[in-house]
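Asks: sequence and predicted structure below; questions after.
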Amino acid sequence: MPADREEKRAVTIGQESRTGSALNATLADHRTGTLNTIAEVGSQLGAAVLVTLTLLLTIACAVTKRWRLAAFALFALLVESATYYVTSFAVPRERPSVPRLEELESNTSYPSGHTAAAVAVYAGLVLLLTTRLTSNLAKALAWTGAILLVSFIALSRMYQGMHHPLDVLGGVLVGIGAILVALFACRAAGVAAERREGR
């Protein structure tokens, strides 16, 4: 019985791999100069722009003495980065077998760090923002914007030949995990601060 299960699992993984490879190949076959530029913008939104935004937000929150908000923004990105490096080291996976538009290590495909960071920062910021909004329409628009932005970044990374679809899914899970860890840490810090003040 266990042998049957292993065989079925291998077939399922093989099917997922073929489907993902087909998507990567299709994206690579339809590359153009304009799309390459657009994908590079998406990639930068998940890297340099994201880090800069996080640092500026952290500094602004620190200056206004909103320490928990500053800690949340920075901590979410740090947790995501640490998780990404540990996971990519523990689960080495070759990048898609298509021409890649970036020169990075070929065996660090899983998970997508850009996608994970985008979820951790952009979705994390929207989570904080929507706690201040009273309009359901404004909340829906904010979440729609975050989802579209993360999707754009994820698709850009697949278009560039840097990640398989399952790598992107792994990145989403890492990003959500980073948000949850940051939330719990900030709440715990808040409870500890309230206890100290109550003494």
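Replies: Thanks, I have it. Numbering: from 1, shown residues only.
Asks: only C-alpha atoms for contact and neighbour calcs from this point on.
Replies: OK.
Asks: from residue 119, how far off is residue 47?
Replies: Computed with C-alpha to C-alpha, to the nearest Å, the distance linking residue 47 and residue 119 is 12 Å.
Asks: ok, the two, which is more surrounded?
Replies: Regarding residue 47 and residue 119, a neighbour count based on other C-alpha atoms under 10 Å identifies residue 119 as having more, with 31 against 17.
Asks: where does that one sit: helix, strand or coil?
Replies: Assigned by DSSP: H, G, I helix; E, B strand; the rest coil, the conformation of residue 119 is helix.
Asks: so where's the protein uncertain?
Replies: Within the chain, the stretches with pLDDT under 70 are 1-20, 193, 198-199.
Asks: and the longest helix along it, what does it pack onto?
Replies: Residue-count comparison of every helix in the chain, with assignments taken from DSSP state H, identifies helix 165-198 as the longest. Helix 165-198 sits against helix 67-90, helix 113-118, with contacts defined as 3 or more C-alpha pairs under 8 Å, 6 or more residues apart in numbering; DSSP states H and E.
Asks: residues making contact with the shortest one?
Replies: This means helix 113-118. 43, 45-47, 50, 77, 80-81, 84, 150, 153-154, 157, 168, 170-176 (C-alpha atoms under 8 Å, 6 or more residues apart in numbering).
Asks: and residue 169, what is it in contact with?
Replies: The contact partners of residue 169, by C-alpha under 8 Å, 6+ apart, come to 111-112.
Asks: for residue 36, see how far away it is.
Replies: With the distance defined as C-alpha to C-alpha, residue 169 ends up 22 Å from residue 36.
Asks: so which of the helices and strands packed on helix 165-198 comes closest to residue 98?
Replies: helix 113-118 (19.0 Å; C-alpha to C-alpha).
Asks: what's downstream of that closest one, the next helix or strand?
Replies: Following helix 113-118 in sequence order, the next helix or strand is helix 124-130 (DSSP states H and E).
Asks: spatially central residue for the protein, please.
Replies: For the chain, the residue whose C-alpha lies nearest the mean C-alpha position (C-alpha atoms, centre = their mean) is residue 116; its distance is 1.7 Å.
Asks: quick one, phi psi at residue 65?
Replies: According to degrees, to the nearest 10, the main-chain angles of residue 65 amount to phi 60, psi 30.
Asks: any idea how far it is from residue 52?
Replies: When C-alpha to C-alpha is applied, the distance between residue 65 and residue 52 equals 20 Å.
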